[in-house]
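Q: Sharing a model that was predicted from the sequence below.
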2 protein chains.
Amino acid sequence: MKTVESLTNTLKANGMKITPQRLMIFRCLEGNTSHPSAEEIYKKVKEVYPTVSFTTIYKTLETLRDLGEIAELTLDEERKHYDPNTETHHHIICSVCKKILDIFDDFSSLIKVPNAVKKDYTVDGFQISFYGTCKECG
Amino acid sequence: MKTVESLTNTLKANGMKITPQRLMIFRCLEGNTSHPSAEEIYKKVKEVYPTVSFTTIYKTLETLRDLGEIAELTLDEERKHYDPNTETHHHIICSVCKKILDIFDDFSSLIKVPNAVKKDYTVDGFQISFYGTCKECG
DNA sequence: CTGTGTGCAAAACGTTTGCATGCCT
DNA sequence: AGGCATGCAAACGTTTTGCACACAG
């Protein structure tokens, strides 16, 4: 799990600085399974640092993503979502409210990469997107 | 397979009109397995109808998507891609050049929807996104 | 002190919309 | 003739960038 401490250490180890804004972003991410968007993180940080800018949020998320500390999810075509859990796992997104739920079942032994694909691509992994509607929306 | 003819018939059956621009879009889509973006279709149509607008491309793609004639793919976070094959299938996208390859293997018997998911969502299906790098980029 | 981070404003990007005109049926 | 389609320009929401200033190390 990505903790405030581990994120801090990783940034320091890469010659980057720890600012109050960044610490607050780390706190928003720690143990967060709600797959927040940049705006959701912005709002949270803004509660404590009212002058924080989107620039800072986006730059920090980009930094964390480039360091492999968070995953950038493309399940919602409207906006990107961020996930501090970078272990392989799967998701289901509600087609109405866009709520994303984690699925930790391991399907790796069941899914064989077809040979036709191996011929043209080097496959690093796969991700299953289930789709449907959550009980609140359905 | 979605042919120019079947697309034409579907639109007519829904009280919609067949214009030269639309016919050209249909021709771009027929048998197309390259998962074109709106811009790629725009460029193709523009070769023949230089005054065509993005509005027309987007509106027509939206119409076809709403009629279930094409699928809108979200695999590339930069832009949407369109697929005239609306049968269930899977994809691999090259993380460098974004080239998308179809995978027609049927994994449906292997993938069971976890009960924890069934509790909160009505699941309509799933889609596997393989990721990696194509031989040209790797 | 040095250089990385911040925040404002503006730009960029893909996409959507309002509206007057065009043209398919 | 009627109504859907077109195309221009402008708006949109998200994300990125240029730049001057601030501050962590």
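A: Arrived safely.
Q: residue contacts, the most centrally placed residue in chain A?
A: Residue closest to the average C-alpha location in chain A (Cα atoms, centre = their mean): A:Asp83, at 2.0 Å. By Cβ atoms under 8 Å, 6 or more residues apart in numbering or on different chains, the contact set of A:Asp83 is A:His35, A:Ile70, A:Ala71, A:Glu72, A:Leu73. C-beta here means a position set from N, CA and C on the backbone, and glycine is covered the same way.
Q: Let's see which of those residues end up in helices.
A: Under the assignment DSSP state H, those contribute nothing to helices.
Q: the inter-axis angle of the strand ranked longest in chain A versus strand B:121-134?
A: Longest strand in chain A, counting residues (DSSP state E): strand A:121-134. Interaxial angle of strand A:121-134 relative to strand B:121-134 (axes from the mean of the first three to the mean of the last three Cα atoms, to 10 degrees): 160 degrees.
Q: what about A:Leu73, neighbour count?
A: Using other Cβ atoms under 10 Å in any protein chain shown, A:Leu73 has 19 neighbouring residues.
Q: how far away is it from DNA strand C?
A: The gap separating A:Leu73 from DNA strand C is 17 Å, by Cβ to the nearest atom of the strand, to the nearest Å.
Q: now do A:Glu87
A: 25 Å.
Q: Would you list the phi and psi of that residue?
A: phi -70, psi 150 (degrees, to the nearest 10).
Q: Burial check on it, number of neighbours?
A: Neighbour count of A:Glu87, defined by other Cβ under 10 Å: 9.
Q: is it fair to say A:Ile93 lies in a strand?
A: Yes - A:Ile93 forms part of a strand when assessed by DSSP: H, G, I helix; E, B strand; the rest coil.
Q: who does the residue nearest to A:Thr86 when sequence neighbours are not counted bridge with?
A: Nearest residue to A:Thr86, sequence neighbours excluded (Cβ to Cβ, 6 or more residues apart in numbering or on different chains): A:Ala71, at 5.1 Å. Going by DSSP bridges, A:Ala71 is paired in beta bridges with A:Asp83.
Q: Quick check: the gap between A:Ala71 and A:Asp106.
A: Using Cβ to Cβ, to the nearest Å, A:Ala71 is found at 17 Å from A:Asp106.
Q: What is the longest helix along chain A packed up against?
A: Longest helix of chain A, by residue count under DSSP H: helix A:54-66. With contacts taken as 3 or more Cβ pairs under 8 Å, 6 or more residues apart in numbering or on different chains; DSSP states H and E, helix A:54-66 sits against helix A:20-29, helix A:38-48, strand A:71-73, strand A:81-83.
Q: Comparing those, which stretch has the densest surroundings?
A: Of all those, strand A:81-83 carries the top mean neighbour count, a mean of 22, counting by mean count of other Cβ atoms under 10 Å in any protein chain shown.
Q: Compute the number of surrounding residues for A:Ser109.
A: A:Ser109 has 7 nearby residues by other Cβ under 10 Å.
Q: what about it, helix or strand, and which?
A: Assigned by DSSP states H and E, A:Ser109 belongs to no helix or strand.
Q: All good on my end, thank you.
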